[in-house]
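Novice: give me a model of this one.
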Amino acid sequence: MKIIEVTEMTPSLAERLIIVWEESVKATHLFLSENEVEEISKYIPQALQEIAHLIIAVNGSGCSVAFMGIEGEKLEMLFIAPGERGKGLGRKLIQCGIEKYSVNELAVNEQNPLAKGFYEHMGFQVYKRTDYDEQGNPYPLLYMRRK
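Specialist: Now for the predicted structure:
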């Protein structure tokens, strides 16, 4: 498994990452309806283009199976294809983010307890909670910082 920073977003890479995003969200964000996932997916191409650091994990076949986006010292996104979950890939990505990009903060949906537990395991602690996400939707966010 290779972890690399994307320097040029190709249409095929963007297409693949959108698939990873959608599969990951459907597997982990069970509080979202199909329509909500579809609505949110419209913003993913732009988010991928605008993020300061887009880091992807590529398997032995050259296929992108996970990605994270970092802005400043904040993890803005982390998505892993369902078939790759539980294999240490999230840990490798977070460690890369901490070591190379000084990641020390993130926000996670309160309704995604597995993600919250993962981030706690990686040394992050909740310091703030909001009733709504950044788009004003009724999905509480937990803001976490490294200990």
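Novice: helix, strand, or coil at residue 107?
Specialist: When states are read from DSSP: H, G, I helix; E, B strand; the rest coil, the local structure at residue 107 comes out as strand.
Novice: neighbours around it, how many?
Specialist: Residue neighbour count, defined by other CB atoms under 10 Å, stands at 18 for residue 107. For every residue, glycine as well, the C-beta is placed using N, CA and C.
Novice: can you confirm residue 25 is in a helix?
Specialist: Yes - going by three-state DSSP, the assignment for residue 25 places it inside a helix.
Novice: any idea which element the spatially closest residue to it that is not a sequence neighbour lies in?
Specialist: Of all residues not flanking residue 25 in the chain, residue 37 sits nearest, at 5.6 Å (CB to CB, 6 or more residues apart in numbering). In the assignment (DSSP states H and E), residue 37 maps to helix 34-41.
Novice: ok, then the element right after the helix or strand of the chain with the lowest mean pLDDT?
Specialist: Using mean pLDDT, DSSP states H and E, helix 34-41 stands out as the lowest-scoring helix or strand of the chain, at a mean of 88. Downstream of helix 34-41, the next assigned helix or strand under DSSP H and E is helix 44-50.
Novice: not counting sequence-adjacent ones, nearest residue to residue 80?
Specialist: Counting by CB to CB, 6+ apart, residue 80 lies nearest to residue 66, which is 4.1 Å off, once chain neighbours are set aside.
Novice: residue most distant from the centroid, the chain?
Specialist: When each C-alpha in the chain is compared with the mean C-alpha position (CA atoms, centre = their mean), residue 61 comes out farthest, at 21.9 Å.
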